[in-house]
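**Q** I need the structure of the sequence given here:
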Amino acid sequence: MNYTERDTYGMYKRESHADADSSAGPGPELMGADTLVGNDVHNQSDEKLGDIKEIMLNMRNGQVAYAVMSFGGFLGMGEKLFAVPWSALTLDTENKCFVLNVDKEHLENAPGFDKDQWPDMADPEWEKDIHAYYGTERAADVARL
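**A** Down below sits the predicted model:
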């Protein structure tokens, strides 16, 4: 299911792009978090990697920190969860999915977790390792620049 199908308030429904004006809704620059949960994640080779299970907000700075993505398994059995830095994802509005620039093998080896054993995402070392794995910068590092 993609964000247009989860749009209970009609914020992404425009008659046409030619008729769209600034009052036609917030997307895709601002999007409801609930509409993004369940969206597929593909890589740049258009291989499906998984889907968004949760969006994690950093309550200290008010920014989206991670998308928790599922990968592997069958019908929810044996799937692994991954915290992907939000900055590693790109919204593809044409195909209505997220793009994560990694191949499947890289994701298979990524630090993941079981749905019953979540990591301490507030731990600075864990955060540093996750950002290093995906080649992204932590918000704290960007703020210092």
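
**Q** Quick check: residue 87 is in a helix.
**A** Yes: under DSSP: H, G, I helix; E, B strand; the rest coil, residue 87 sits within a helix.

**Q** For it, which non-adjacent residue is spatially closest?
**A** residue 136 (4.7 Å; CB to CB, 6 or more residues apart in numbering). No exception for glycine: its C-beta is placed from N, CA and C like everyone else's.

**Q** Do a quick rundown of the helices in the protein.
**A** 33-36, 104-108, 124-134, 139-144 (DSSP state H).

**Q** What is the lengthiest strand in the chain packed up against?
**A** What stands out as the longest strand in the chain, according to DSSP state E, is strand 48-58. Packing partners of strand 48-58 (3 or more CB pairs under 8 Å, 6 or more residues apart in numbering; DSSP states H and E): helix 33-36, strand 40-42, strand 63-71, strand 80-85, helix 104-108.

**Q** what angle separates that strand from strand 63-71?
**A** Using axes from the mean of the first three to the mean of the last three CA atoms, to 10 degrees, the direction of strand 48-58 lies 150 degrees away from that of strand 63-71.

**Q** Can you give me the buried ones in strand 48-58?
**A** For strand 48-58, the neighbour count (16 or more other CB atoms under 10 Å) marks 49, 50, 51, 52, 56, 58 as buried.

**Q** so the residue nearest to residue 71 when sequence neighbours are not counted bridges to which residues?
**A** Spatial nearest neighbour of residue 71, excluding adjacent residues (CB to CB, 6+ apart): residue 50 at 4.0 Å. Beta-bridge partners for residue 50, by DSSP bridges, are residue 41.
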